[in-house]
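K.L.:
predicted model follows, preceded by the sequence.
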Amino acid sequence: RLLGARRGGAERGWMSGLRALLGLGLLVSSGSRLVAAAGGGRCPARRGPPAAAAWGRSASAMQSPGRSGVKFLSQEEAQAIDQELFTEYKFSVDQLMELAGLSCATAIAKAYPPSSFPNSPPTVLIVCGPGNNGGDGLVCARHLKMFGYEPTVHYPKRPGKALFEGLTTQCQKMDIPFLSEFPSEATLIDELYGLVVDAIFGFSFKGAVREPFGSILRTLEQVTVPIASIDIPSGWDVEKGNPDSIQPDMLISLTAPKKAAQHFAGRYHFLGGRFVPMALQQKYSLHLPPYPKTDCVLQLP
Amino acid sequence: KRQQQRRELQLLGAKAERGQLYPRPRAEPGKMSCPSSQSGEQIEPLRYLSRVEAEAIEKELLEDYRFGRQQLIEIWGHASAMAVSKVFPLPSLPRKQPTVLVVCGPDQNGAIGLVCARHLRVFEYEPTIFYPKRSLNSLYRDFTTQCEKMDIPFLSYLPTEVQLINDAYNLVIDAILGADAEPGEVKEPYASILATLKQIRIPIISLDVPSGWDVETGNSEGISPDVLVSLAAPKQCATRFLGRHHLLAGRFLPYDVQKKYELNLPEYPGTDCVVSL
């Protein structure tokens, strides 16, 4: 299977051999190059039935999108995968955050279309925390605006990094208001917004909830409008959950669900962040169900 | 305090809707960019950008809106992959293996091609990349690594025998030169590559601008892509596009930018980031 750069008289035989290897394309390079391209000695896998299933040829795959074998990650595994995406695969936070935020907005649009809101245009309150989960929320807000929602952001603790400053500016320049103060009462939130997006804490969360997020979460516990949490319901232990904290209606797990998701009791559990390379999925035995076609979100059972 | 808060929040919401948070000249306050809205206003024609306008918009996105360059490339690359799969969904490909050749130039258009290839891989296509002159820009280097680590093969040369390309791939994605290309003669190795691409029989999908075309006047001697994927807004040369499908991809342009340049973009369906023009 390793093609050397053969020319001249051997070309005919080489070409027909080549045609038989359509899946590899024209690899006129040294063997080691092929091995490197295949990621450490593994031949690129042929893709057959799984692709067909994801593209709707297999009706059953479409009807039951979640396989019960999906893995729920520990906090350590989630952090390890994240690290590997950045250090080994050289993804940047900008890139993955953009894809994650887009997934969140898309999932929200699927579960809560504008027509399902009591107010028009549909107003959404997005509460952003001090880390990457907050960044995901900012990207989500921007895409929700493009989808025709009217998002408002509360971003009390902003990291002084260019990435977050950029995302904030993008939102502000798109006329997404930033509240200077969190509404003091849950009933006020219920009145003004049809949905709350919880982008406060993510899978790195540990220990006690610092202010102002403690007060914010206590208020959110009282709201009656649906809450959609990004990756982990804020205030929950990433593995054990928390029956005394918010109980969101929707959870958007990014890359793979964490153990806390096993305690999720809301109506909508979506998977988003469709960028995990197959090699990484296999390494951690994620057993992710196939995403439909080119969708960036997948509803889990 | 509660009443006061409620009033403030409502006012804030109302201001946002009317686009008055950041005072700027606006043609129609609060209106969305949809030219076919129910208000019965006249449908304005889609705007095709000059080179200067395309550059100005990108500058504004980077400097005023503080989009990151990597972020924009990711958005465009992802949207390009969505456009490719819209025109050529996996089950429609003639060959048994869903092979796609992605030819990447040295600058931003090439980087967009790399991201596009990566997303096509996620969508279960089998892209192969030809990237003869890799950018030294560290920003773009990572895009290359991401593709390599996802087992996307990189060709070491492009065969000049056209039949080989016709036989091995279903499609070719032209991500060689974009709207920022230097006007005038195309330099090597791209001139030869384009000469080869002119002869292939399988469909060519050009990202943003058919490579070798002047961004405003086109090029009657250049390649004739089957599909053109205009990124964010079409360029003037798109008026000379004669292929089967012209799509717009990249649903992120702030409404104010759309208004300022009178882009009159069509409405994107649902949550799609691609729309047929």
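P.N.:
Looks like it came in fine. Numbering: from 1, shown residues only, chains lettered A, B, ... in the order given.
K.L.:
report the secondary structure element holding whichever residue of the stretch 51-200 of chain B sits closest to chain A.
P.N.:
Using Cβ to the nearest Cβ, the single residue of the stretch 51-200 of chain B nearest to chain A is residue B:128, 3.5 Å away. Backbone N, C-alpha and C define where each C-beta goes, glycine included. Using DSSP states H and E, residue B:128 sits in strand B:126-130.
K.L.:
and the helix or strand following that strand, C-alpha only, in CSV?
P.N.:
Using DSSP H and E, the helix or strand that follows strand B:126-130 in sequence is helix B:138-149. Provided in CSV are the C-alpha atoms of helix B:138-149 (Å, rounded to 0.1, in the frame of the first residue of the first chain):
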residue,chain,number,x,y,z
SER,B,138,2.2,30.6,12.5
LEU,B,139,-1.5,31.4,12.6
TYR,B,140,-2.0,29.2,9.5
ARG,B,141,0.6,26.5,10.5
ASP,B,142,-1.8,25.2,13.1
PHE,B,143,-4.5,24.7,10.6
THR,B,144,-2.1,22.4,8.7
THR,B,145,-1.3,20.4,11.9
GLN,B,146,-5.0,20.0,12.6
CYS,B,147,-5.5,18.4,9.2
GLU,B,148,-2.5,16.2,9.5
LYS,B,149,-3.6,14.9,12.9
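K.L.:
residues in contact with helix B:138-149: which ones?
P.N.:
With contact meaning Cβ atoms under 8 Å, 6 or more residues apart in numbering or on different chains, helix B:138-149 is reached by A:36-37, A:39, A:88-92, A:277, A:279, B:69-70, B:73, B:110-111, B:114-115, B:117-118, B:121, B:129, B:131, B:134-135, B:154.
K.L.:
run the chain-centre distance for the strand holding residue B:128.
P.N.:
When distances are taken as Cα atoms, centre = their mean, to the nearest Å, strand B:126-130 is centred 18 Å away from the chain's centroid.
K.L.:
so what does it touch, helix or strand wise?
P.N.:
Where contact means 3 or more Cβ pairs under 8 Å, 6 or more residues apart in numbering or on different chains; DSSP states H and E, strand B:126-130 is packed against strand B:99-104, helix B:108-122, strand B:154-155.
K.L.:
relative to that strand, what are the paired strands and their orientations?
P.N.:
strand B:99-104 (parallel), strand B:154-155 (parallel) (DSSP bridges).
K.L.:
export that strand as CSV, just CAs?
P.N.:
Provided in CSV are the C-alpha atoms of strand B:126-130 (Å, rounded to 0.1, in the frame of the first residue of the first chain):
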residue,chain,number,x,y,z
GLU,B,126,-12.3,11.8,2.3
PRO,B,127,-10.4,15.0,1.5
THR,B,128,-6.9,15.1,0.2
ILE,B,129,-5.0,18.3,0.4
PHE,B,130,-2.5,19.8,-2.1
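K.L.:
quick check: angle from it to helix B:138-149?
P.N.:
140 degrees (axes from the mean of the first three to the mean of the last three Cα atoms, to 10 degrees).
K.L.:
ok, residue 115 - how many residues close by?
P.N.:
In the absence of a named chain, this looks at chain A. Using other Cβ atoms under 10 Å in any protein chain shown, residue A:115 has 7 neighbouring residues.
K.L.:
look at chain B instead
P.N.:
Residue B:115 has 25 nearby residues by other Cβ under 10 Å.
K.L.:
and the nearest residue to it once chain neighbours are set aside, what does it touch?
P.N.:
Nearest residue to residue B:115, sequence neighbours excluded (Cβ to Cβ, 6 or more residues apart in numbering or on different chains): residue B:77, at 2.3 Å. With contacts defined as Cβ under 8 Å, 6+ apart, residue B:77 is in contact with B:111-116, B:118-119.
K.L.:
over to residue A:82?
P.N.:
Here residue A:82 is in contact with A:203, A:255 (Cβ under 8 Å, 6+ apart).
K.L.:
and residue B:230, by the same measure?
P.N.:
B:208, B:238, B:246-249, B:277.
K.L.:
6 Å instead?
P.N.:
By Cβ atoms under 6 Å, 6 or more residues apart in numbering or on different chains, the contact list for residue B:230 reads B:238, B:248.
K.L.:
do the same with residue B:251
P.N.:
Neighbours of residue B:251 in contact, by Cβ under 6 Å, 6+ apart: A:146, B:268, B:273.
K.L.:
helix, strand or coil for it?
P.N.:
Classification of residue B:251 by DSSP: H, G, I helix; E, B strand; the rest coil places it in coil.
K.L.:
what's near enough to touch the residue found closest to it once you drop the neighbours it is linked to in the chain?
P.N.:
Leaving aside its chain neighbours, residue B:251 sits nearest to residue B:273 (4.2 Å; criterion: Cβ to Cβ, 6+ apart). Going by Cβ under 6 Å, 6+ apart, residue B:273 touches B:79, B:82, B:251.
K.L.:
if we use 10 Å, what do you get?
P.N.:
Residue B:273 makes contacts with A:102, A:106, A:143, A:146, A:294, A:296, B:75-76, B:78-80, B:82-83, B:248-252, as judged by Cβ atoms under 10 Å, 6 or more residues apart in numbering or on different chains.
K.L.:
just the buried subset of these, please.
P.N.:
A:102, A:106, A:143, A:146, A:294, A:296, B:75-76, B:78-80, B:82-83, B:248-252 (16 or more other Cβ atoms under 10 Å in any protein chain shown).
K.L.:
was I right about the residue of the stretch 51-200 of chain B closest to chain A contacting residue B:170?
P.N.:
No - taking contacts as Cβ atoms under 10 Å, residue B:128 lies outside contact range of residue B:170: 11.2 Å.
K.L.:
coming back round to it: nearest to residue A:200, of the contacts of residue B:251?
P.N.:
Set against residue A:200, the nearest of the contacts of residue B:251 by Cβ to Cβ is residue A:146 (23.2 Å).
K.L.:
shouldn't residue A:299 be within a strand?
P.N.:
Yes - assessed by three-state DSSP, residue A:299 belongs to a strand.
K.L.:
quick one: contacts for residue A:88?
P.N.:
Applying Cβ under 10 Å, 6+ apart, the residues contacting residue A:88 are A:277, A:279-280, B:145, B:149.
K.L.:
please work out the average pLDDT along whichever helix in chain B runs longest.
P.N.:
If you go by DSSP state H, chain B has its longest helix at helix B:69-87. Mean pLDDT, helix B:69-87: 97.
K.L.:
about what we covered before: quick one: closest of the helices and strands packed on strand B:126-130 to residue A:170.
P.N.:
Nearest of the helices and strands packed on strand B:126-130 to residue A:170, taken as Cβ to Cβ: helix B:108-122 at 19.0 Å.
K.L.:
make CSV from the helices and strands packed on strand B:126-130 and add distance to residue B:164 and mean pLDDT to it.
P.N.:
CSV is the format used below for the helices and strands packed on strand B:126-130 (distance: least, Cβ to Cβ, whole Å; pLDDT from 0 to 100):
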stretch, distance to residue B:164, mean pLDDT
strand B:99-104, 10, 98
helix B:108-122, 19, 97
strand B:154-155, 11, 97
